[in-house]
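> Below is the structure, and that's it, no one-letter string:
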């Protein structure tokens, strides 16, 4: 599993990279089959929508289920992360499924992940990579992620903490910042069948509309961060940022 | 201005019809140029977003501005409506610009227009046509309309009155109704440059996501209804359903 020079250049220019067809339908099915039991659990790792009590995010999955314990070590995720970062020793920062359920999945404001990783966890540098595996086909209708292409190029954008709009406090990027960035790089919305992999960086501005469709949009997300860039404060619970900094071994 | 047999068949099957490039850029500019003055007015014809006070809909425009007074008689709108309905005598039911401003334009729940026309205005039959002219390019990002294709084929779907979610009370179609209709016909999202015309019927289920983008999405909307099918109750003000039932003369 080795990215081409062109793929690396795309990631560096755009801040994201789409790898179609990386996981087979049977592998996706195996992950989906574990979700009903995991989502039924009442525990802090399961975050629920403000309005509907439906699970929006289920975290710590590699510690709760053997299928996901294997996925976080999968070379198709770990090897591209190592290559893009030029670092071999990466630890598992966060493991989750983001579920935007049919009709109920809420909007996510414009934000980037490093704002949280830095402010909440004391991560020094914006190096972490977010590796997504689509568990449903992602279309324009079921709450896909929107990215501001190239919004990482000038370093971390200014942020503001929003504690009212959505189900969770979020360091958001306001319109006066998004506007010029989007005018320069445009918005992109990666779509594709289940099994598609999407990789994006820690300062890439993104958000997503509500899922108004009758179809769920579930995405597996693994965040890997260099061991040398580990969190330095520990305000958030382990499932939001794991404290085991041992390097992940692929395969 | 005569629709082809294929266009008529498409409208009858899908419930909507897109006519690209019908209005020239200069004509769109002439309409856009009138909006700042019209939107600045504090009057009941201007509906504002609940959260931001920004104008979401400005109604009665043909009675407030000479450019829009000409557009409501434009043969490119009136003639297709006559042809699709097989009726010559149509009156101007409603004339507005729906503006989903950058970052602030809100979600519209799933609904269809006849529910309001019937419940609020006593319109007997779902014959009215909604004729849109895109005043901005409509993309996947700036709050485009989503339609449930063919959702008109079984007649008006069941509805429920929602008075809490958005800036206005709306007869909505709930998920248990949208789901089977969307499974049969799919969702469609007409996009295109400014000047595109979109025609849809009175029972076609539609909605739209919020406008998260930095770009406005303004649409001119003319509703024409057969004089023989005019409103029978008069609970709403004139600008929401005009009481002048004289047939519109094209050109």
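Good, I have the coordinates. Note that the coordinates shown come from a computational prediction; the quantities given were computed from them, not determined experimentally.
> Every contact and neighbour count from this point should use C-alpha atoms.
Fine.
> ok, the closest residue to chain B within the stretch 51-200 of chain A to residue B:226 distance?
Nearest to chain B, among the residues of the stretch 51-200 of chain A, is residue A:179, at 5.2 Å (C-alpha to the nearest C-alpha). Distance, residue A:179 to residue B:226, using C-alpha to C-alpha, to the nearest Å: 44 Å.
> which of those two has more neighbours?
Neighbour count, other C-alpha atoms under 10 Å in any protein chain shown: between residue A:179 and residue B:226, residue B:226 has more, with 24 against 17.
> Could you find the closest non-adjacent residue to that one?
residue B:90 (4.3 Å; C-alpha to C-alpha, 6 or more residues apart in numbering or on different chains).
> biggest helix in chain A by residues?
helix A:25-40 (DSSP state H).
> any residues touching that one, and which ones?
Helix A:25-40 is contacted by residues A:46, A:55, A:58, A:64, A:65, A:67, A:68, A:135, A:194, A:195 when judged by C-alpha atoms under 8 Å, 6 or more residues apart in numbering or on different chains.
> and the fifth one, how many neighbours does it have?
The local packing of residue A:65 (other C-alpha under 10 Å) involves 15 other residues.
> what's near enough to touch it?
Residue A:65 neighbours (C-alpha under 8 Å, 6+ apart): residue A:34.
> what's the answer for the fourth one, then?
Listed by C-alpha under 8 Å, 6+ apart, the contact set of residue A:64 reads residue A:38.
> next one: the second one
Residues near residue A:55 by C-alpha under 8 Å, 6+ apart: A:39, A:46, A:47, A:48, A:49, A:99.
> can we see that at 10 Å?
Neighbour list for residue A:55: A:38-42, A:46-49, A:97-101, A:105 [criterion: C-alpha atoms under 10 Å, 6 or more residues apart in numbering or on different chains].
> And the third one, by the same measure?
Each residue near residue A:58 by C-alpha under 10 Å, 6+ apart is listed here: A:35, A:38-39, A:41, A:43-48, A:95-99, A:220, A:239.
> From those residues, which land in strands?
Of the contacts of residue A:58, the ones assigned to strands by DSSP state E are A:46, A:47, A:48, A:95, A:96, A:97, A:98, A:99, A:220.
> Which of the contacts of helix A:25-40 fall in helices?
Cross-referencing those against helices under DSSP H gives A:67, A:68.
> got CSV for the contacts of helix A:25-40, with distance to residue A:144 too?
Below are the contacts of helix A:25-40 laid out as CSV (distance: C-alpha to C-alpha, whole Å):
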residue, distance to residue A:144
A:46, 21
A:55, 17
A:58, 18
A:64, 26
A:65, 26
A:67, 25
A:68, 22
A:135, 12
A:194, 13
A:195, 15
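> Of the contacts of helix A:25-40, which one scores lowest on pLDDT?
Within the contacts of helix A:25-40, pLDDT reaches its minimum at residue A:55, with 92.
> Helix, strand, or coil at the residue nearest to residue A:2 when sequence neighbours are not counted?
Spatial nearest neighbour of residue A:2, chain neighbours left out: residue A:80 (6.5 Å); criterion: C-alpha to C-alpha, 6+ apart. For residue A:80, the assignment made with DSSP: H, G, I helix; E, B strand; the rest coil gives helix.
> Next up, the contacts around residue A:80.
A:1, A:2, A:3, A:8, A:86, A:129, A:131, A:199.
> Just give me the closest of these to residue A:234.
residue A:129 (19.8 Å; C-alpha to C-alpha).
> What count of nearby residues applies to the nearest residue to that closest one once chain neighbours are set aside?
With C-alpha to C-alpha, 6+ apart as the criterion, residue A:129 has its nearest non-adjacent residue at 4.9 Å, and that residue is residue A:201. Each residue near residue A:201 was counted by other C-alpha under 10 Å, and the total is 24.
> again with residue A:136
That count, for residue A:136 with other C-alpha under 10 Å as the rule, works out to 23.
> how near is the closest residue to residue A:248 other than its chain neighbours to residue B:117?
Closest residue to residue A:248 apart from its sequence neighbours, by C-alpha to C-alpha, 6+ apart: residue A:91 at 5.5 Å. Per C-alpha to C-alpha, residue A:91 is found 59 Å from residue B:117.
> mind checking the end-to-end distance for stretch A:9-21?
By C-alpha to C-alpha, the extent of stretch A:9-21 from end to end equals 20 Å.
> If you count neighbours, what's buried in that stretch?
Buried residues in stretch A:9-21, counted by 16 or more other C-alpha atoms under 10 Å in any protein chain shown: A:11, A:12, A:13, A:14, A:15, A:16, A:17, A:18, A:19, A:20.
> helix/strand/coil for the residue nearest to residue A:248?
Three-state assignment for residue A:91 (three-state DSSP): strand.
> is it possible to export the buried residues of stretch A:9-21 to TSV including distance to chain B and secondary structure?
Listed next are those as TSV, based on distance: C-alpha to the nearest C-alpha, whole Å; DSSP: H, G, I helix; E, B strand; the rest coil:
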residue	distance to chain B	secondary structure
A:11	22	helix
A:12	23	helix
A:13	21	helix
A:14	18	helix
A:15	19	coil
A:16	18	strand
A:17	20	strand
A:18	19	strand
A:19	22	strand
A:20	21	coil
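> Low-confidence ranges, the stretch 51-200 of chain A, go.
A:165-168 (pLDDT under 70).
> residues in it within reach of chain B, list them.
Contact residues (C-alpha under 10 Å from any C-alpha of the partner chain) of the stretch 51-200 of chain A with chain B: A:102-104, A:107-110, A:140-141, A:143, A:146, A:148, A:174-183, A:186-189.
> now do 7 Å
By C-alpha under 7 Å from any C-alpha of the partner chain, the residues of the stretch 51-200 of chain A that approach chain B are A:103, A:140, A:175, A:179.
> Give me the subset of the residues you listed that lies in helices.
Among those, the members falling in helices (DSSP H) are A:175, A:179.
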